[in-house]
Each structure stands twice: as structure tokens, then as C-alpha cells.
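Undergrad: How does the following fold in three dimensions:
(one chain, ligands or ions: 3)
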Amino acid sequence: FLPTPAASRSPSFLASAPPKDAGYFELKAPHTVPTTTPQSKSATGLLPRGPAVPLELRVQNLLARLDSQATDLDRYCLLHNILETDATLYFATVLADVPRVMPLVYTPTVGAACQNFSKIHTYQPKGIYLSKYDKGNVADVLRNWPFKDDTKVICVTDGERILGLGDLGANGMGIPVGKLALYTGLGGIEPEATLPIHIDFGCNVDAVRDDPLYMGLKEKRPDKDNAAEVAEYDAFMEEFFAAVKEVFGESCMVQFEDFGNSNAFRFLENFQDKHVCFNDDIQGTASVVLAGVMSSLRITSNVPGGAKSLKDHTFVFLGAGEAGCGIASLIAEAIVMEEGVSMSEACANIWLVDSRGLVTDRRDMATLPHHKKPFAHSLEDGGDVSTLEEAVKKLKPSCVIGVSGQPQTFTKSIVEEMSANHPRPLVFALSNPTSKAECTAEQAYEWSDGQAVFASGSPFPPVQFKGKTYQPAQGNNAYIFPGVGLGAIFCGATRLDSEDMITASKALADLVPQDKIDKGACYPALAEAREVSIQIAAAVACGQWKRGTGGKNRAGEGEETREQLVERIRGSMYEPEKVWREGL
Ligand SMILES: NC(=O)C1=CN([C@@H]2O[C@H](COP(=O)(O)OP(=O)(O)OC[C@H]3O[C@@H](n4cnc5c(N)ncnc54)[C@H](OP(=O)(O)O)[C@@H]3O)[C@@H](O)[C@H]2O)C=CC1
Ligand SMILES: CC(=O)C(=O)O
Ligand SMILES: [Mg+2]
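TA: Ligands and ions are numbered 1, 2, ... in the order given. Have a look, this model is predicted:
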């Protein structure tokens, strides 16, 4: 009984053939239009032999089936079942209606799926599960992946910080599965090239571990204050990266996802200069938020007193973890690049609020995490500020960014105060899933009298306010990672760094159409997400080639326009429709 690949194109029990270039479907139609249901020779008789139903019709049928399900979790399960048995239909459906399907395979529904993972698990392999007991054998375990020769991108989690839902242990596997679905759907990377991985070093939540259906290790995680236990985890990660190189090759890209705060920064530091990798929560999120702030300058610069450049903003973050510090640092880097100021000047108007209140220089610098230090400024009156509300009163931010996982923390008085001080305040309530958002879209528009430039991590429906319809923007790293991954793979990137993330931000910001800006939205429509990925990929590839870090697919100097590069990238992308036709 072989694992069903994400890419399998027929029922799972037929999926033992290699997925590509192996005459997987032996019946060839003479025309490009499908004429018969695809079947391999050995499968003759196992599927009906009537005329093939056009993929488009099957997509419409699946969308209708989704509508008839009772809950979004049911819709997730239906779609996941289709992913495991008929990936072509799955990805065609994602692409047919991104705004409708993405919330079902990604945030917010993937959060509910992870919380119920043990209950809905089908025992179809979804990726690779590694555990601390695989120490010494990691490469051998990775070799068990049936598509090891095709693997180009890995999304790896240890499940410690799943969205804003906390430690879900092995149930967090739903996150890399969902992220990689978007790599294929939005980024056009072949399903066979993607590999979800969960690394099991335990779980600290008793209720998760004690669930009789839980499939992960029934152990606690390493104690972050115990040097020996931390060193054991670090050594495992060293072995993991060496094994990735050994089994999948030097250029296989690794995306860290939803690791806990105490490991995420260290793992990124340990490996970013040695492997093609990035941390999506730190760097991908930073890139999407920077893009949103950049594009919204086209809104704020048109009103008296509004920010005209990044450095005109005063930023206050609620949450100073991976996302908060990642965003703050990238904004500061972008200010340095654009304004030619020093790093400390660039950080001067960026403030962090964490679980203890406003981070200032009155904190104990010996114990303050290093990623918070550049933003630990002094307050003129020297006192402590313990709440976001106080911080907003004192600092008068033009932009608040919520990445705390704490719902309803952007209160009416906070948004009203910002609106009193700024004509078009930026209110980014980015915590996921929806239940963790710092405020809803409706609240932001009502409390700001329709003036807030709002973005949320998970989607909100359109809001009617004073006779106008507002379409809330989704500020989610999903706009970034598929394009960065596509670009990195296309150009054979050997390293990824903050320059690539700023490049991606600029490309995304440039793609926001004027009619969106006129309506106060700072991201393109989700329906455009595939086009966004292509443009980001082209920008990232060009940046890599310029720096000399991208090794593949470069045209000769001056021989290719950006449009031609974009078309080359487009031509390299996975298209479900094409796979369907070729399979006939
Ligand atoms: N929209 C998007 O694309 C993304 C959204 N996110 C969301 O951001 C949230 C945080 O993720 P991440 O940064 O990785 O998590 P971390 O655990 O790294 O950071 C959480 C931060 O929130 C702070 N915090 C916790 N409780 C409070 C509180 N009551 N008041 C103020 N601050 C508080 C913590 O404070 P302390 O430092 O004192 O512990 C910490 O700084 C999640 O909900 C996640 O879903 C993350 C990535 C991408
Ligand atoms: C979107 C995302 O990566 C997160 O919420 O963790
Ligand atoms: Mg994440």
C-alpha cells in the first residue's frame, strides 16, 4: 500500500506508478479535447469508460458539492480527500475560485482542521513525519518519500505555534500541507515537487497529548532553559538540513513554518547562510506587510498630514514575536534603503508592545530578546506604559499592526484615537485564524468612520457602511511565499535574504491597481494571486541574478525583457488543465 502523492491523478490504489514521464496514463486521445476518462492499462475496467467529463464541469460540480456541505470543516475534508485522490481536480478548483476556496484549504479553516486533525486524519500519508527518535537516520526517512527525485520545496513545522492557536504538536501537519497547496495553486510549482514535513519533538499541551486519537509523541518538548535539551534539538536540525541536501539536492528550498518563538529565530540564524531557506512567519509576513504599507502610501500621501514615505509613519505593534519583530526589522531595512538614514534612525518611529506592555529601554537589556532590542526606545517622560491603549495615546501611531494572537485588542477607543490623529490610519489586524483577529473589518470601518486602511490575516466579508461597500484586504504571507518560492526555484537561488523579501514587497505593492487604492485597499484581489506570484518570482529571480546568487535560467545580458522573463516563468508553471489534457 503505497502513499498517495499529492499529485496522484487517479484513485489512490492506482497511484503506485511514478507520477511523471512514465506513461502514467497510457490512453492517448488524438485530439486536445478530452474524449475518454483517463485510465492506465492496468486500471482498465476500474473506472467508467464513457466520454471524459470536461475538467471545467467537474470543477463546477465540486464547487456545488462544497456549497452543499454543512460546515467549513466538512468542506476542508471534502477538498482534502480530493487532494489525496485527484490532485488535478483539486488544483483546478483552487484556481477556478481562489477567494472562495483559499479560506477552506488555508486560514481560517486550516486552523480548525489542525485542531481536529486526529479526528479527521485518513491514514493517507501527507508528507514526512520525523521524530527526535529518527536521530542518525533522518536521510533514510526522507528517502521514503516517493517523489524524492522531484522534491524542490519543503515546508517544515514542529507544530509549536500553529497560527494563533498555540501548540498542536503533530496535528500541526495541516499547516505545511495547506501552505504547499498554495505553492502549487498560486505559485504553479508542481505538486510532486512539494513536501510537507512535521518534526516531532513533543507537545506541551496536555489536552492534545492526552487525546487517545493523537498520533504524535506523547512527550513534552525540550525545556528551552535546559542547554542540553536545546542542543539536542539544534543537532537534530543540523542533521535535518544535511539530509535535505543529501536526499533532495543543494537547491531544495526549505520554508520554516509555525515554529515556536524560542526556536524560530535561532533556527533561521543557524541555517539562513548555509541553505536556501526562509522563515515564513518572520520574513514572509514582513514582506507582505511592508508591501501593504508601501502601497497604502498612495492613499495616505494624498491627504493633508498623511504619510508620504515609510519614515513619516509611526508604527506601533501589538505582538513582538516572530511576525512583529520580523515586520519591524524589514520596515526598518526598507527605510534605510530608501531614505539613506542610519538603522537606529530608521527604527526610531517603530515601537513594540508585548505581553508586558510597551518595550522601552527601561527593560532589562541582559534578558530582552535580541530581536526586540533595536526597538526598545526611551520615552520622554521615562515611565512605563503597560497597555496598547496607553501606547496609542502617547505615541499617536499612524499604523497599528496586530500580530499578538490576542483577539479584540484593537478597541473602539484605540481606533477612534488613531482616527482623530490621522486622516487615514492603517489598522492591520493580522492574527490568525479569524477568531484571533485584533478587530474585525466592520469594527475598523465603523470606528474610523470609514477612513481606516484595513487589512486582516484571515479574510473578512465585504462591509456595508454608510451606503458604501468596503472590501477588506487580506494581509497574509500567502501573497508572498508562493512567488518567492517560484522565483527561487526558477533561478536556482542558493540563499534567500531580506533583499529578496523587500524585492517581493515592492513587486506586490506595484501590483495593487488604482481602483483598489481608490477604495482604500492595499493589496491586489486574491483572484489575481497567481499573476502576483509570477511577477514576484520574476522580480526575485532578477534580484538573485544581479547579486550573483541565482544560478539557473538566466538569459544573456540584455537579451531578455522583463515581459519575456515573465512569460518564461509562466510557461514553467504547473497548470492543472494542461496536466488533464496531457493525461488523456
Ligand atoms: N497575517 C499573517 O500573514 C501572519 C499572521 N501571524 C499571526 O500573528 C500571531 C503571532 O504570531 P508570532 O509572531 O509568530 O507569534 P510569537 O509567539 O512569536 O509572538 C507573539 C507575540 O505576542 C505577544 N503577546 C502575547 N500575548 C499578548 C498580550 N496579551 N498583549 C500583548 N502582546 C501579547 C507576545 O509577547 P511576549 O514577547 O512578551 O511573549 C509575543 O511578542 C499569530 O496569531 C499568527 O497567526 C503570523 C504570521 C503571519
Ligand atoms: C499566516 C501564517 O503564516 C500564520 O498565521 O502563522
Ligand atoms: Mg505561519
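
Undergrad: so who does P462 touch?
TA: The neighbours of P462, taking CB atoms under 8 Å, 6 or more residues apart in numbering as the test, are 469-472. The way it works is simple: take the backbone N, C-alpha and C, and place the C-beta from them, glycine included.

Undergrad: between the residues you listed, which is nearest D223?
TA: Checking the contacts of P462 against D223 by CB to CB gives P472 as the nearest, at 41.2 Å.

Undergrad: ok, that closest one - contacts?
TA: With contact taken as CB under 8 Å, 6+ apart, P472 is in contact with 441, 454-456, 459-463, 521.

Undergrad: burial of the residue lying closest to G284 once chain neighbours are set aside, as a residue count?
TA: Nearest residue to G284, sequence neighbours excluded (CB to CB, 6 or more residues apart in numbering): N477, at 3.6 Å. Neighbour count for N477, taken as other CB atoms under 10 Å: 26.

Undergrad: Surely N477 and L290 touch.
TA: No - counting by CB atoms under 8 Å, N477 does not reach L290; the two are 11.3 Å apart.

Undergrad: count of neighbours near V244?
TA: Neighbour tally, V244, other CB under 10 Å: 26.

Undergrad: I'd guess it is in a helix, am I close?
TA: Yes - the assignment for V244 is a helix, going by DSSP: H, G, I helix; E, B strand; the rest coil.

Undergrad: Report the separation between it and K274.
TA: To K274, V244 is 11 Å away according to CB to CB, to the nearest Å.

Undergrad: Flag every residue of this protein that's near ligand 1.
TA: Contact residues (CB under 6 Å from any ligand atom) of the chain with ligand 1: 161, 163-164, 261, 281, 285, 288, 318-324, 353-356, 403-406, 430-432, 436, 457, 475-477.

Undergrad: Let me see the contact set for the residue nearest to G284.
TA: Counting by CB under 8 Å, 6+ apart, N477 makes contact with 280-281, 284-285, 287-288.

Undergrad: how about the residues of the stretch 1-150 of the chain that lie near ligand 2?
TA: T107.

Undergrad: All the strands of the stretch 1-150 of the chain, residue numbers only.
TA: Taking DSSP state E, counting those that start in this stretch, the strands of the stretch 1-150 of the chain run over residues 128-131.

Undergrad: can you pull the pLDDT of whichever residue of it sits closest to ligand 3?
TA: Nearest residue of the stretch 1-150 of the chain to ligand 3, counting by CB to the ion: T107, 8.6 Å away. pLDDT for T107: 98.

Undergrad: Equivalent analysis for the one 4 residues further on, please.
TA: Per-residue pLDDT puts G111 at 98.

Undergrad: right, and C347 touches K373 too?
TA: No - counting by CB under 8 Å, C347 stays clear of K373, with 9.6 Å between them.

Undergrad: Which one's more surrounded, those two?
TA: It is C347, of C347 and K373, that has more neighbours when counted by other CB under 10 Å, with 23 against 14.

Undergrad: still on that earlier bit, correct me if wrong: the residue of the stretch 1-150 of the chain closest to ligand 3 contacts S458.
TA: Yes - counting by CB under 8 Å, T107 does reach S458; the two are 4.7 Å apart.

Undergrad: which neighbours do these two share?
TA: Jointly contacting T107 and S458 under the rule CB under 8 Å, 6+ apart are 432-434, 476.

Undergrad: Now do the residue in the stretch 301-450 of the chain that ligand 2 sits nearest to against ligand 3, distance only.
TA: Residue of the stretch 301-450 of the chain nearest ligand 2, by CB to the nearest ligand atom: N432 (3.7 Å). To ligand 3, N432 is 8 Å away according to CB to the ion, to the nearest Å.

Undergrad: Quick one: neighbours of that residue, just the number.
TA: The tally of other residues near N432 (other CB under 10 Å) stands at 23.

Undergrad: Helix, strand or coil: sort out it for me.
TA: Once three-state DSSP is applied, N432 turns out coil.

Undergrad: Hmm, T109 and it touching each other?
TA: No - counting by CB under 8 Å, N432 stays clear of T109, with 11.0 Å between them.

Undergrad: Now do the same for the strand ranked longest in the chain: mean pLDDT, whole number.
TA: Criterion DSSP state E: the longest strand present in the chain is strand 194-200. Averaged across strand 194-200, the pLDDT comes to 98.

Undergrad: starting at the chain centroid, how far to that strand?
TA: 15 Å (CA atoms, centre = their mean, to the nearest Å).

Undergrad: So in that sheet, which strands flank that strand, and in what orientation?
TA: Sheet pairing of strand 194-200 (DSSP bridges) gives strand 128-131 (parallel), strand 153-157 (parallel).

Undergrad: Tabulate those (a markdown table), appending mean neighbour count.
TA: Converted to a markdown table, the strands paired with strand 194-200 look like this (neighbours: other CB atoms under 10 Å):
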| stretch | mean neighbour count |
| --- | --- |
| strand 128-131 | 20 |
| strand 153-157 | 27 |
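
Undergrad: any residue of stretch 244-264 up close to ligand 2?
TA: Yes - residues of stretch 244-264 contacting ligand 2 under CB under 6 Å from any ligand atom: D258.

Undergrad: Tabulate the CA atom coordinates of that stretch in CSV.
TA: Extracted in CSV, the C-alpha atoms of stretch 244-264 (Å, rounded to 0.1, in the frame of the first residue of the first chain):
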residue,chain,number,x,y,z
VAL,A,244,17.7,17.5,2.9
LYS,A,245,20.8,18.4,0.8
GLU,A,246,21.9,14.7,0.6
VAL,A,247,18.5,13.4,-0.5
PHE,A,248,16.9,16.3,-2.4
GLY,A,249,19.9,18.2,-3.5
GLU,A,250,21.6,21.5,-2.7
SER,A,251,18.9,23.7,-4.2
CYS,A,252,15.9,22.2,-2.4
MET,A,253,14.3,25.2,-0.6
VAL,A,254,13.1,24.9,3.0
GLN,A,255,10.3,27.1,4.5
PHE,A,256,10.1,27.2,8.3
GLU,A,257,6.5,27.5,9.4
ASP,A,258,4.8,28.0,12.8
PHE,A,259,7.8,27.0,15.0
GLY,A,260,7.6,28.4,18.5
ASN,A,261,9.2,31.7,19.2
SER,A,262,12.0,30.3,21.3
ASN,A,263,13.3,28.2,18.4
ALA,A,264,12.3,30.1,15.3
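
Undergrad: Contact partners for W545?
TA: Neighbour list for W545: 491, 554 [criterion: CB under 8 Å, 6+ apart].

Undergrad: Please, which helix or strand holds it?
TA: helix 529-547 (DSSP states H and E).

Undergrad: which parts of the helix or strand of the chain with the lowest mean pLDDT are buried?
TA: Lowest on mean pLDDT, DSSP states H and E among the helices and strands of the chain sits helix 576-582, with a mean of 91. Within helix 576-582, the residues that qualify as buried are 576, 579-580, counting by 16 or more other CB atoms under 10 Å.

Undergrad: Mind giving me the packing neighbours of it?
TA: With contacts defined as 3 or more CB pairs under 8 Å, 6 or more residues apart in numbering; DSSP states H and E, helix 576-582 has these neighbours: helix 55-67, helix 87-96.

Undergrad: Quick check: phi and psi on the residue of the chain found nearest ligand 1?
TA: For the chain and ligand 1, the shortest gap (CB to the nearest ligand atom) falls at G321, measuring 1.9 Å. Per-residue torsions, G321: phi -100, psi -140 (degrees, to the nearest 10).

Undergrad: next one: the one 4 residues further on
TA: Main-chain dihedrals, C325, degrees, to the nearest 10: phi -70, psi -30.

Undergrad: Offset the numbering so it begins at 795, please.
TA: Okay, using 795 as the starting number, the last item reads as C1119.

Undergrad: Contact partners for it?
TA: 1059, 1076, 1146, 1163, 1165-1166, 1169.

Undergrad: Looking at these, which one is closest to L860?
TA: Among those, and counting by CB to CB, the member closest to L860 is I1076, at 33.4 Å.

Undergrad: what about the closest one, how many residues close to it?
TA: Neighbours around I1076, by other CB under 10 Å: 26.
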